[in-house]
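Participant: Mind folding the following:
(chains A and B)
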Amino acid sequence: ELKVEQNPLFLSMQEEKNYTIYCNYSTTSDRLYWYRQDPGKSLESLFVLLSNGAVKQEGRLMASLDTKARLSTLHITAAVHDLSATYFCAANLGQFYFGTGTSLTVIP
Amino acid sequence: NAGVTQTPKFQVLKTGQSMTLQCAQDMNHEYMSWYRQDPGMGLRLIHYSVGAGITDQGEVPNGYNVSRSTTEDFPLRLLSAAPSQTSVYFCASSRLGTENQPQHFGDGTRLSIL
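Facilitator: Okay, here's the model as predicted:
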């Protein structure tokens, strides 16, 4: 079984600040996914990372994958209120294993 | 393009009642799965399927049954509802063999067991 841990669980950050969400997983997996969930809504795919050293960026979000360290990061640059949401990482080892999520609140 | 459709969106049941949550996808995805989402616990896999006629258990399968008679449909059955099954249920689907594609999620079913 694959364990996926995210930290922090809760994150309150000021606008225009930078921060990183961490996703650690317990067993070797080359497939790491990031999702966003707005309150009361479904999950929306953000990034798919498929190899060691993979980096993907979309707007103020950048995700990376280090398969040797079993670590993925989601970096937020110059946060804005619209980024407030819960972010999940998930690893795939035949089935998908999700982290507990990071609830991000961006405050003025 | 409907994607993954879940019905109903909301449901209230009494303890001991049974019901079926419906999930349908129109993307010809082989892989379908059911998750429950509880506060502070992320998404936990209940059951999944890699194709018609093939199902397997996930992390929390007790109290739930599934079947996959067609590629499109993957219903989740609660046999005898218990308050511990109060949760938000998500169905998801994806292609097999194309790992660069993420799972597509339905809008969820919010289920309360009294």
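Participant: contacting residues around stretch A:54-72?
Facilitator: With contact meaning C-beta atoms under 8 Å, 6 or more residues apart in numbering or on different chains, stretch A:54-72 is reached by A:22-30, A:32, A:34, A:46-53, A:73-80, A:83, A:89. All C-beta spots, glycine's among them, are computed from the backbone N, C-alpha and C.
Participant: Report the separation between the residue nearest the centre of chain B and residue B:27.
Facilitator: Among the residues of chain B, the one closest to the centroid is residue B:34, at 2.8 Å (C-alpha atoms, centre = their mean). Distance of residue B:34 to residue B:27, computed by C-beta to C-beta, to the nearest Å: 17 Å.
Participant: Now do the strands in the chain.
Facilitator: Went with chain A since none was named. Counting by DSSP state E, one finds strands in chain A at the ranges A:4-7, A:10-14, A:19-25, A:32-37, A:43-49, A:55-58, A:61-66, A:71-76, A:85-92, A:96-98, A:102-107.
Participant: um, chain B though
Facilitator: Here chain B has its strands, by DSSP E, at B:4-7, B:10-13, B:19-25, B:31-37, B:43-51, B:54-57, B:64-66, B:76-78, B:87-94, B:104-105, B:109-113.
Participant: Indicate whether the fifth one makes contact with chain A.
Facilitator: Yes: for a cut-off given as C-beta under 8 Å from any C-beta of the partner chain, strand B:43-51 has contacts with chain A, namely B:43-45, B:48.
Participant: who wins for neighbours among the residues you listed?
Facilitator: residue B:43 (27 neighbours; other C-beta atoms under 10 Å in any protein chain shown).
Participant: which ones are touching it?
Facilitator: A:43, A:88, A:90, A:98, B:35-37, B:90.
Participant: what bits of chain B have low per-residue confidence?
Facilitator: Along chain B, the parts satisfying pLDDT under 70 run over B:1, B:97-100.
Participant: returning to that earlier point: turn the contacts of residue B:43 into a markdown table, columns for distance to residue B:81 and neighbour count.
Facilitator: A markdown table is the format used below for the contacts of residue B:43 (distance: C-beta to C-beta, whole Å; neighbours: other C-beta atoms under 10 Å in any protein chain shown):
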| residue | distance to residue B:81 | neighbour count |
| --- | --- | --- |
| A:43 | 25 | 27 |
| A:88 | 27 | 25 |
| A:90 | 28 | 26 |
| A:98 | 24 | 22 |
| B:35 | 18 | 26 |
| B:36 | 13 | 22 |
| B:37 | 17 | 20 |
| B:90 | 18 | 24 |
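Participant: tell me which of the residues of strand B:43-51 next to chain A is nearest to chain A?
Facilitator: Nearest to chain A among the residues of strand B:43-51 next to chain A is residue B:43, at 4.2 Å by C-beta to the nearest C-beta.
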